[in-house]
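Visitor: Pasting the sequence and the predicted coordinates here, then a few questions.
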Amino acid sequence: MTAEAVSLEMATPSLPDWVFPPPEGFRAEDLDHIPDLPAHTELIDGSLVFVSPQASFHTLAVDLLVAGLRRIIPGSLRVRREMSVILDTDQRPEPDICVIAGGADRGPEQTFYRAQEVVLLVEVVSPESRIRDRERKPTLYARAGIPHFWRVENEAGRPVVYVYELDPATRGYAPTGIYHDRLKVSVPFDIDIDLTEIDAL
């Protein structure tokens, strides 16, 4: 090996092993054991999906909805943000907000919930994740039996919430409403959130 080749080899940083997925793809439980994995990495269809830096709207919309849900949530349920959900052996997305059964919380070291523990999932759409948030993730959530799903879009800096409910016969989501200034629904529990409050955050 020439001196130039040795120098080039030494100057090139080695890539982490997880850059090269196994032939069968990663499995949901792998995410807890892969060293130095970037924060908020998701597993979709056996492939690692990395999250880009979020815009201010995304953070504010999540803050608004989490605070609004926590004010009115029944005692038997809990609201969590940015926790992954295992839907299948090769599906472990990280929705922006989860509403879970109270018994799903098993301690401070917990890193995921299971689909059957989830009542509602919320995705705030980001420019880099439009297709995943609007198409792929809702399909996966419905197939896993998540009863309720909200998709939040940015309309001139205000959140617009698209609300869906699972049709158990088709295992698909049916749209039940589009909410602009005020989100008022009766399922999965009575919810009334002033969406214009985002202006004051």
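Guide: Sure, I can see it. Just so you know, these numbers come straight off a predicted model, no measurement behind them.
Visitor: Low-confidence ranges, this protein, go.
Guide: 1-13 (pLDDT under 70).
Visitor: Please repeat the previous calculation with a cut-off of 90.
Guide: Along the chain, the model assigns pLDDT under 90 to residues 1-24, 33-39, 51-53.
Visitor: which residues of it fall in strands?
Guide: Using DSSP state E, the strands of the chain run over residues 42-44, 47-49, 77-81, 84-86, 97-101, 112-114, 118-124, 148-155, 158-167, 172-179, 182-185, 191-194.
Visitor: can you pull the buried residues of the helix ranked longest in the chain?
Guide: In the chain, taking DSSP state H as the definition, the longest helix is helix 56-72. For helix 56-72, burial by neighbour count (16 or more other Cβ atoms under 10 Å) applies to Phe57, His58, Leu60, Ala61, Val62, Leu64, Leu65, Val66, Gly68, Leu69. Placement of C-beta: from N, CA and C, glycine included.
Visitor: Skipping adjacent residues, who's closest to the third one in space?
Guide: Computed as Cβ to Cβ, 6 or more residues apart in numbering, the closest residue to Leu60 that is not its neighbour in sequence is Leu201, at 4.9 Å.
Visitor: cool, and the fifth one?
Guide: Once its chain neighbours are removed from consideration, Val62 has its nearest residue in Asp96; the separation is 5.1 Å (Cβ to Cβ, 6+ apart).
Visitor: do the last one as well
Guide: Once flanking residues are discounted, Leu69 sits nearest to Val79: 4.7 Å by Cβ to Cβ, 6+ apart.
Visitor: got the contact list for Pro93?
Guide: Glu42, Leu43, Ile44, Ser84, Val85, Leu87, Lys137, Leu140 (Cβ atoms under 8 Å, 6 or more residues apart in numbering).
Visitor: State the distance from it to Pro127.
Guide: Here the criterion is Cβ to Cβ, to the nearest Å. By it, Pro93 lies 18 Å from Pro127.
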